[in-house]
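Peer 1: Next come a sequence and a model predicted from it.
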Amino acid sequence: MPTPESVLGYKPGADFHLANYEDSLAYFRKLAAASDRIKLVNVGKTTQGREFWIAFISDPANLARLDHYKEISRRLALARGVSEEQARALARETKPIIHIDGGLHASEVANHQHTIQLGYDLVANEGPEYQAIRQNLIVELWFSINPDGQSIVANWYRDNLGTPYEVSPLPALYQEYVGHDNNRDGYMLNMLETREITKATLETEPLVFYTQHQTAPFPGRIYLPPFADPISGNMHPLMLRWLSLIGMTIAQYLDDHGLTGSMHQETFDVWYPGYVDNIGNFRHTISFFTETALYRYATPHFYTVDEFPAARRGLGTEMLYSSPWKGGWWRLSDACRYMYEADMAVLGLAVRYREQMVYNKYRAARDTIEKFRKEPPFAYEIPRQQHDAPTAAVLIEKLMLNGIEASQSSSPDAWVIPMDQPFAGLVKELFEPQVYPELAQRPYDVTGWTLPYQMGVEVHAITSPLTSQYRGSLVPISQVAGLAAPFDRGSNASYRAINEILAAKGRVTFTGDEIGVSGIDKKKLAAILEENRLRAAPPKEEAKDAKPVQAARIGLYRPWVASIDEGWTRWILEQFEFPFTSLYNADIRAGHLRERFDAIVIPDIGERQILEGHRPGTIPERYAGGLGEEGTEELRSFVNDGGTLVTFNDASLYAINQFKLPVENALAGLTPEQFYCSGSLLRVHTEDAKNPLTAGLTADTAVMFEGGPAFKTKTDFKGKVLARYVKERSPLMSGYLAGPDRLQDQAAAVEADYGKGRIILLGFKPQWRGQSHAAYKFFFNAFYF
Ligand SMILES: [Zn+2]
C-alpha cells in the first residue's frame, strides 16, 4: 500500500510543503489502485475545469453494496412509506455514510493537506479503531471540496517559498468567482462546486457532514460545537443535540490524546443557513465545521503567552476552554494532527452510536412531515404570472436542486411547495422574514436573507390545511416547463435576451419598460426569447420616442487585494452576458479610459483599499499598491468626458470623497447603539417611475444593506435621487436594524452629475452573493444608453 511519503516525497503537513490538488489526486489514484477498501468516484468538474473526485472508504464487502446502502440512506432520509419498525430494522442493518472533507477555504491549508494521511490510514491501518470504522461505516472522503483553490494556494506558496514574500497574501480569489464566500452558497447553489456537492450529498444522504476550517479564535487551537447563539428555529432539535455531543466528544478525544486548547461557543453562530457545512442540518444530516488554528501556509510560527489577549494570558481554566493552550511552536503538522484526530473522534462516535444516529435521521424527517400537516404554513404558492416570472422559475429550480419537492397547480396557475415534506424546514427558513433576536454579540454573518424578497418573487403562504381536492389537483414536477413571460424590462431574463440580440447585431429600443426589437432574423429572435423563458410582444408600430439602445462598453475594477464582491459582480455580468473588461490598477492608471469604456464599475471595496491596495514589501512588487491619486485622476477624467461610474456600497464613499461630490453619508460617525445594520433586507422606494436607471424595478424593492452608507444630498447637488428609504416607517423587511430613523427619508441610490458624465452611488449590495435578483436592475440599467 503506497504511503503518502513514498508518493509525495514528504509527510503531509511537513514544514514548507504543500500538495496541490493534482498531487492529492495522483496519490489517491495510487492508493485506489492498490486496495479494494477504497473506491474513487468522479462528481463532476470544477469551475476551472479540474476533474472533481471523491473517495468512498470501507471494507470491500460494504463497498460492493454501496448502492444498496445509499438507497437505505435515501429511504430513511425521506421517511416516506417507512414504518417505525422498518426504520428500526434498517438502522440496525445499514452501514451509514459519513462525509468528511478537506475544506473549501483553500488558504486554510491543513484542511486539504490532512486528508491525505487520513485517507491512507483509513484504508491501510490495521488497528482496531480503524477496523471498526471500516466494518461499521462508509467514509465519504472529499479530500478537498475546492480543488481549484487547493492548487491555486499551493502553487502560489511554492512560488514564494524562501523569498521575502513566503507568507504573502494571495492576490486572487481561491475559487474563481467567490473566494471565501464559497461556503456561503449552500442554498443558492450558484457555483458549480456547490451544485455538485449538493447533488452528491442528496444521493448519499450522509449521517454526518464535517468540514474543516482554520480560523480558531486565538489562542484556542480548535473551535468546536456547540456554536454560539442565535441558531435557526427551523432545524430539528435532534440535530442541535447531536452537534453539541459531537463537539464535546471531539474535545474529550483531543484532550485524551494530549492535544489541548479546544474551545466552544465563541464567535461563530450559525444563524445564516447558507453555509455549505450547515445547510445539511435542514435535511437532517448532522452538519458542522470546526476551526483549527492557522499561522500561514506551511510556515511554522512560535507563539509566546505575551501575544495572547490579556484575558487569557493567565492561562485560566474555563468551562468551555478547560485545557488552555500554553503557546509554543505551531506547525502545519500540528494543525493536521488536530484535524485528523477530530475526524477520528467523529468516526469513533458514529461507530458507537451508529444505530441511534441513523434512526434519528429518519425520526427528524418523519417529525417534519407531521409537523407541517398540523401547523402553518401548509404550502407556499408562487404564481406563474408575476412581475418577473423567469426569476420566480429560478427560485423554484433552486429549491428543487436542494431536494425540495415542487408541484404545479392549474387553478390558480402557480407552482406549489406543499410543506408536509421531509426537508420543509429549509423552505420555511428561506421563505419567511427573519426576526433576529436581541443583539448579544455581533452577528457572524447576515441577519436576513428571505429569498422571495431578495429575488423580487411573489410568494403566498397557505395558512389553512390543504383540502384533498386541492392536493389532488397538484402535479409534481421535476423541472420548470412551458413558461413564456412578457419580454419587458420587468424580467431580469430580458436583459440577457437584449444582450444576445445586440450581440447578434439586432436593433433594440426602449420605451419605458417596453422593449422593441428589429433587424434580427425571426427564428434567431424566437430562439433567444424561448431560451430565456420569454415571449415577444405582438408586433406594433415602433413608438415615436423609441431610441435605439447602445450597449455600454463596461470596465470592472479588479483589485489585487482579492475582492469577493468583484468576483460576484463578474459572475453575474457573465451570467447575463454583459460583455466587459476587467480593469486592474495599472489599466486604470494607464488612462485613456473614455476612449475604451462607457461605464466603469467599482464593487464594494473600502476607499483606503482602493487607493492603497497591498502595502509595498508585503507582496511581490507587481501586486503592491492601489489606484492612488494617479488612477483616481484618470477616473475623474473618464467621468468628466461623459463616462458613467457605478459604485457599490462602501466604494460610494470613495467616489463621494475623491470626486468631492455634494453628497454626505447620513450614517457617518454613528455608534453601534445609534445605528446598526449588517446584512438585512431593507425596503427602498424608487423616486421616479420614468427614470431609465430604475426602469423595470417595482416601486418598492428589497436591497441587501450590509454596513453601507446612506446618502444626504447637499444644496449644490446636481443629479437625481433614484431610490429612498421612505420617511413614514422603518425600512426593515428581514433581519436586524437598530436605529431605523437614521435611514428614514435618506437616499439609498443616487445619480450624481459630474462634468459631462455621471456617478451612480448605490448604498447597498445590488448583487449580493448572486441572490439579490430584485436589485440587479440598479446596475444593469446603467449599461445601456
Ligand atoms: Zn474557513
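Peer 2: On my side now, so go ahead. Everything numeric in this text was worked out from a predicted model, so none of it was measured.
Peer 1: What does Ser518 show for phi and psi?
Peer 2: The phi/psi pair for Ser518 (degrees, to the nearest 10) reads phi -150, psi 170.
Peer 1: can you tell me which residues contact the closest residue to it other than its chain neighbours?
Peer 2: Closest residue in space to Ser518, ignoring its immediate chain neighbours: Arg507 at 4.8 Å, by C-beta to C-beta, 6 or more residues apart in numbering. Heads up, the C-betas are built off the backbone N, CA and C, glycines and all. Going by C-beta atoms under 8 Å, 6 or more residues apart in numbering, Arg507 touches 517-520, 548.
Peer 1: which one of those has the most neighbours?
Peer 2: Tallying neighbours with other C-beta atoms under 10 Å puts Val517 at the head of those, with 21 neighbours.
Peer 1: Show me what the helix or strand harbouring it is packed against.
Peer 2: Using DSSP states H and E, Val517 maps to strand 514-518. Secondary-structure packing of strand 514-518 (3 or more C-beta pairs under 8 Å, 6 or more residues apart in numbering; DSSP states H and E): helix 492-503, strand 507-511.
Peer 1: what is the mean pLDDT for it?
Peer 2: What strand 514-518 shows for mean pLDDT is 92.
Peer 1: Please save the CA atoms from that strand in PDB.
Peer 2: Extracted C-alpha coordinates of strand 514-518, given in PDB (Å, rounded to 0.1, in the frame of the first residue of the first chain):
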ATOM      1  CA  GLU A 514     -41.300  48.200 -23.200                       C
ATOM      2  CA  ILE A 515     -38.600  46.700 -25.400                       C
ATOM      3  CA  GLY A 516     -38.700  46.800 -29.200                       C
ATOM      4  CA  VAL A 517     -36.600  44.600 -31.500                       C
ATOM      5  CA  SER A 518     -35.800  44.800 -35.200                       C
END
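Peer 1: How far off centre is that strand?
Peer 2: The chain centre lies 36 Å from the centre of strand 514-518; the measure is C-alpha atoms, centre = their mean, to the nearest Å.
Peer 1: After it, which helix or strand is next? Please name it.
Peer 2: Past strand 514-518, the next helix or strand by DSSP H and E is helix 522-531.
Peer 1: list the buried ones in that following helix?
Peer 2: 525, 528-529 (16 or more other C-beta atoms under 10 Å).
Peer 1: What lies in contact with that helix?
Peer 2: With contacts defined as C-beta under 8 Å, 6+ apart, helix 522-531 is touched by 484, 487, 497, 500-501, 504, 506, 517, 535-536.
Peer 1: before we move on, the earlier item: I'd like the buried residues of helix 522-531 as CSV, with pLDDT appended.
Peer 2: CSV is the format used below for the buried residues of helix 522-531 (pLDDT from 0 to 100):
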residue, pLDDT
Leu525, 96
Ile528, 97
Leu529, 97
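Peer 1: where exactly do the strands run in the stretch 51-200 of the chain?
Peer 2: Under the criterion DSSP state E, counting those that start in this stretch, the stretch 51-200 of the chain contains strands at 51-57, 97-101, 138-142.
Peer 1: actually the stretch 251-400 of the chain, sorry about that
Peer 2: Remark: strands assigned in the stretch 251-400 of the chain by DSSP E, counting those that start in this stretch are 262-264, 269-270, 286-292, 301-303, 328-330, 379-383.
Peer 1: for this structure, where's the lowest mean pLDDT among helices and strands?
Peer 2: Counting by mean pLDDT, DSSP states H and E, the chain has its least confident helix or strand at strand 547-548, which shows a mean of 84.
Peer 1: Parallel or antiparallel, list what pairs with the helix or strand just after that one.
Peer 2: With elements assigned by DSSP H and E, the helix or strand that comes after strand 547-548 is strand 554-557. Note on strand 554-557: by DSSP bridges, its sheet partners are strand 580-583 (parallel), strand 599-602 (parallel).
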